[in-house]
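K.L.:
here is a sequence together with a model predicted from it:
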Amino acid sequence: MAEKSADMAHEEYQIDLETRSKDSPIPTTLTAEDVFNRFDKQETRRIMRKIDFRLIPLLSVLYLMAFLDRSNIGNAKIAGMSEDLNLYGMRYNIALTVFFVPYALFEIPSNIVLKLLRPSIWISILCFCWGLVMTLMGLVNTYKGLVIARFFLGMAEAGFFPAATFLLTIWYQRYEVQRRMAVFYAAASLSGAFSGLLAYAIEKMDGLSGLAGWKWIFILEGLLPVIVSFSLYFILPDNPQTASFLTPEEREFVVNRIAYQTGVGSGNITNSDKMSKKYIIAGFSDWKVWMAIVPFLACSIGVYGFTATVPTVVRQLGYSSANAQLMTIPIYVAGMGTTLIAAWWSDRIQQRTPFIMGGFTFAVVGFIGELAIPHPKFPGVTYFFLFFIAIGLFSPFTCIVTLVANNSAPSSKRAVAMAVLISIGNLGGICGSNVYFAAQAPRYPAGFGTGLGMCTAGIIASFILRKAYQRENKQRDELIVAEGEDAIRARYSDQELMELGDKSPFFRYTV
């Protein structure tokens with residue numbers, strides 16, 4: 001009799017799915033557990049592959065273009081820009097720094113707008129704007145013009161990374177998201193290699209149409225996102241509820257498997273909540289988000305200073321400008337590969353903080369090595385330790401972002417918390433852009449020393465977060481054992497539990 005009732009329920013469910021339009025709301029007649037059990041592991045993998053192929057390559061290309069456009073100034077510098085625009089003294093550092101002021105200020109408002117608009121609309125606008133600014137940067141003829149263009153580039157790019165990382169969290173479960181995030185973040189590592197390769201080729205256009213080679217680097221690398229932006233509205237999926245490439249049954253399955261991931265079987269989370277004042281306050285007031293900013297700062301200070309300076313460091317080893325561009329490629333490839341391995345391993349064992357601390361340990365070794373070498377002696381050893389720095393700075397990044405994403409719920413709080421993390425953390429770009437002084441070349445004691453100190457602080461902060469999350473989880477486990485799940489659930493409605501998000505007694509933090 002029970003089997004017959006289940007079959008009838010399934011038939012009614014199928015009829016309901018077939019009669020609803022693809023944009024209609026996901027029904028709530030079945031529990032998350034009911035829907036979750038309708039697909040076996042093979043079917044689940046098939047559905048997730050569909051999502052992967054639609055979402056991840058697109059975000060990877062977008063982030064590759066974004067990071068390429070913000071970091072190609074290092075390639076342009078050694079291609080003649082420094083001489084043409086008279087970037088003497090601290091002028092180059094100021095041009096780097098000014099990018100991060102609007103970049104930090106506009107990330108939080110951008111993610112709030114993202115919750116109010118469709119991602120396909122907002123990200124299309126952002127992509128068009130940063131490509132346009134980058135293209136126009138190729139027309140500047142003065143130092144002042146370069147600074148102004150960098151300011152507007154920071155404003156245009158501010159919203160993309162927090163928007164893209166948030167978008168992943170509404171499509172994947174907490175221990176699936178980091179490996180996907182790492183694939184498109186690896187595009188940042190790849191952009192360093194790709195930027196060097198492109199700059200090497202584009203620099204050959206020097207003199208074409210009366211423009212210097214470094215100007216063509218900006219123009220050609222800016223036109224690409226402008227072109228791509230016009231297609232994003234049609235091809236970027238907004239959320240599982242409205243995904244036209246999924247069947248109605250697949251859409252409901254994806255929505256519910258995300259809801260059913262709090263760490264214990266008795267609670268759900270939601271991605272359908274509306275942005276409100278209480279979630280904005282919750283995102284700003286969580287001390288653990290602010291603690292996570294410390295390791296994020298370690299990454300941003302290190303990465304932005306490193307990517308802007310490493311072509312110069314390599315050139316000072318005795319290579320020509322063109323060969324220095326090519327010699328940076330293996331360094332970034334090593335960073336990309338390690339990022340992917342760490343992310344896969346982190347998701348597999350469901351741990352974040354050990355990979356943050358482990359990555360920074362590599363960076364610490366690299367920075368100590370660079371500080372200890374009597375430059376300009378031992379160029380091969382200098383080049384070798386650059387690999388340690390790249391591996392140690394790139395690999396922890398997605399672990400930090402995913403740690404905050406995993407531990408912030410519901411989605412409105414997560415959007416704000418991730419924007420706070422990324423916006424404040426990216427202020428490290430201001431520091432990173434101003435600690436590698438040209439006068440200190442080739443030793444760069446201020447730059448390498450700052451990186452060493454921040455990575456050490458990042459290890460300590462990650463250890464504190466690990467212990468704090470473990471303590472919270474232990475307290476909630478003890479509460480359930482002492483009072484029982486039913487007694488605790490009786491105090492709340494299902495909606496109240498979902499609105500509690502990570503404060504729910506059934507939510508478990510990722511460590």
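P.N.:
Done, it's in.
K.L.:
quickly note the distance from Glu249 to Asp84.
P.N.:
As judged by C-beta to C-beta, to the nearest Å, Glu249 and Asp84 stand 60 Å apart. The way it works is simple: take the backbone N, C-alpha and C, and place the C-beta from them, glycine included.
K.L.:
can you pull out the strands in the stretch 301-450 of the chain?
P.N.:
Counting by DSSP state E, counting those that start in this stretch, the stretch 301-450 of the chain has no strands at all.
K.L.:
what residue ranges in it score low on pLDDT?
P.N.:
Residue ranges of the stretch 301-450 of the chain with pLDDT under 70: 320-322, 325.
K.L.:
any idea how many residues pack against Val364?
P.N.:
Val364 sits with 21 neighbouring residues when counted by other C-beta atoms under 10 Å.
K.L.:
hmm, it is touching Ala457, no?
P.N.:
No. Using C-beta atoms under 8 Å, Val364 makes no contact with Ala457, being 10.9 Å away.
K.L.:
buried residues of stretch 349-367, list them for me.
P.N.:
351-367 (16 or more other C-beta atoms under 10 Å).
K.L.:
could you find the closest non-adjacent residue to Ile331?
P.N.:
Ala390 (4.9 Å; C-beta to C-beta, 6 or more residues apart in numbering).
K.L.:
how near is that neighbour to Gly335?
P.N.:
4 Å.
K.L.:
likewise Val511?
P.N.:
Taken as C-beta to C-beta, the span from Val511 to Gly335 is 25 Å.
K.L.:
with just CA atoms, put stretch 285-305 into CSV.
P.N.:
What follows is stretch 285-305 as a C-alpha-only set of coordinates in CSV (Å, rounded to 0.1, in the frame of the first residue of the first chain):
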residue,chain,number,x,y,z
SER,A,285,28.8,42.3,12.2
ASP,A,286,30.1,38.7,12.1
TRP,A,287,33.6,38.8,13.7
LYS,A,288,34.6,35.6,11.9
VAL,A,289,34.2,37.4,8.5
TRP,A,290,36.6,40.1,9.7
MET,A,291,39.1,37.6,11.0
ALA,A,292,39.0,35.9,7.6
ILE,A,293,40.0,39.2,6.1
VAL,A,294,43.5,38.8,7.6
PRO,A,295,44.5,35.8,5.4
PHE,A,296,42.7,37.4,2.5
LEU,A,297,44.8,40.5,3.0
ALA,A,298,47.9,38.3,3.0
CYS,A,299,46.8,37.0,-0.4
SER,A,300,45.9,40.4,-1.9
ILE,A,301,49.0,42.2,-0.7
GLY,A,302,51.2,39.4,-2.0
VAL,A,303,49.4,38.7,-5.2
TYR,A,304,49.0,42.2,-6.5
GLY,A,305,52.5,43.3,-5.5
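K.L.:
so how far is it from its chain's centroid?
P.N.:
13 Å (C-alpha atoms, centre = their mean, to the nearest Å).
K.L.:
could you do stretch 58-66 as well?
P.N.:
With C-alpha atoms, centre = their mean, you get 11 Å for stretch 58-66.
K.L.:
list the buried residues for it?
P.N.:
58-60, 62-66.
K.L.:
just stretch 109-123 next, same as before
P.N.:
110-115, 119-120, 122-123.
K.L.:
model confidence score at Tyr63, please.
P.N.:
In this model, Tyr63 is scored at 87, pLDDT.
K.L.:
pretty sure it sits against Val183.
P.N.:
No. Tyr63 is beyond contact range of Val183, at 9.7 Å (criterion: C-beta under 8 Å).
K.L.:
what's near enough to touch Leu223?
P.N.:
131, 135 (C-beta atoms under 8 Å, 6 or more residues apart in numbering).
K.L.:
what about the closest residue to Asn406 other than its chain neighbours, neighbour count?
P.N.:
With C-beta to C-beta, 6+ apart as the criterion, Asn406 has its nearest non-adjacent residue at 4.0 Å, and that residue is Thr510. The tally of other residues near Thr510 (other C-beta under 10 Å) stands at 20.
K.L.:
then Ser285?
P.N.:
For Ser285, the neighbour count with other C-beta under 10 Å is 12.
K.L.:
I'd like the average pLDDT over the strand or helix carrying Glu249.
P.N.:
Using DSSP states H and E, the element containing Glu249 is helix 248-259. Here helix 248-259 scores 84 as its mean pLDDT.
K.L.:
now the element after that helix, going C-ward?
P.N.:
helix 277-285.
K.L.:
could I get the buried residue list for that next one?
P.N.:
So for helix 277-285, counting by 16+ other C-beta under 10 Å, buried means 279-280, 282-283.
K.L.:
list the contacts for Ser276?
P.N.:
Counted by C-beta under 8 Å, 6+ apart, Ser276 has contacts Ser412.
K.L.:
next one: it from Val416, what distance?
P.N.:
11 Å.
K.L.:
also Gly159?
P.N.:
13 Å.
K.L.:
same check, this time on Gly318
P.N.:
49 Å.
K.L.:
who has more neighbours, those two?
P.N.:
Val416 (26 against 10).
K.L.:
what residue, apart from its backbone neighbours, is nearest that one spatially?
P.N.:
Nearest one to Val416, counting by C-beta to C-beta, 6+ apart, is Gly283 at 2.8 Å.
K.L.:
okay, now Gln173: neighbour count?
P.N.:
Neighbours around Gln173, by other C-beta under 10 Å: 16.
K.L.:
quick one, longest helix in this structure?
P.N.:
Longest helix in the chain, counting residues (DSSP state H): helix 445-483.
K.L.:
list the residues that contact the nearest residue to Glu107 once chain neighbours are set aside.
P.N.:
Nearest non-adjacent residue to Glu107, counting by C-beta to C-beta, 6+ apart: Ser423, 3.6 Å away. Each residue near Ser423 by C-beta under 8 Å, 6+ apart is listed here: 103-108, 158, 162.
K.L.:
separation between Ser423 and Ile219?
P.N.:
From Ser423 to Ile219 the distance is 29 Å (C-beta to C-beta).
K.L.:
rewinding a little: now, the most widely separated pair of the buried residues of helix 277-285?
P.N.:
Using C-beta to C-beta, the buried residues of helix 277-285 span at most 7.3 Å, a distance reached by Ile280 and Ala282.
K.L.:
which residues are common contacts for the two?
P.N.:
With C-beta under 8 Å, 6+ apart, Ile280 and Ala282 have common neighbours Val416.
K.L.:
how many residues are close by Tyr88?
P.N.:
11.
K.L.:
check what pLDDT it gets.
P.N.:
Looking at Tyr88, the pLDDT reads 83.
K.L.:
kindly indicate whether it is helix, strand or coil.
P.N.:
Look at Tyr88: counting by DSSP: H, G, I helix; E, B strand; the rest coil, its state is coil.
K.L.:
what does Arg174 give?
P.N.:
Assignment for Arg174 (three-state DSSP): coil.
K.L.:
what's the spacing between stretch 163-174 and its chain's center?
P.N.:
The answer for stretch 163-174 is 10 Å, by C-alpha atoms, centre = their mean.
K.L.:
what sits closest to Ala342 if chain neighbours are left out?
P.N.:
Ser395 (4.5 Å).
K.L.:
ok, which stretches of the stretch 51-200 of the chain are helices?
P.N.:
Assigned by DSSP state H, counting those that start in this stretch, the stretch 51-200 of the chain shows helices spanning 73-76, 82-84, 91-97, 100-105, 107-116, 119-137, 143-157, 160-169, 177-202.
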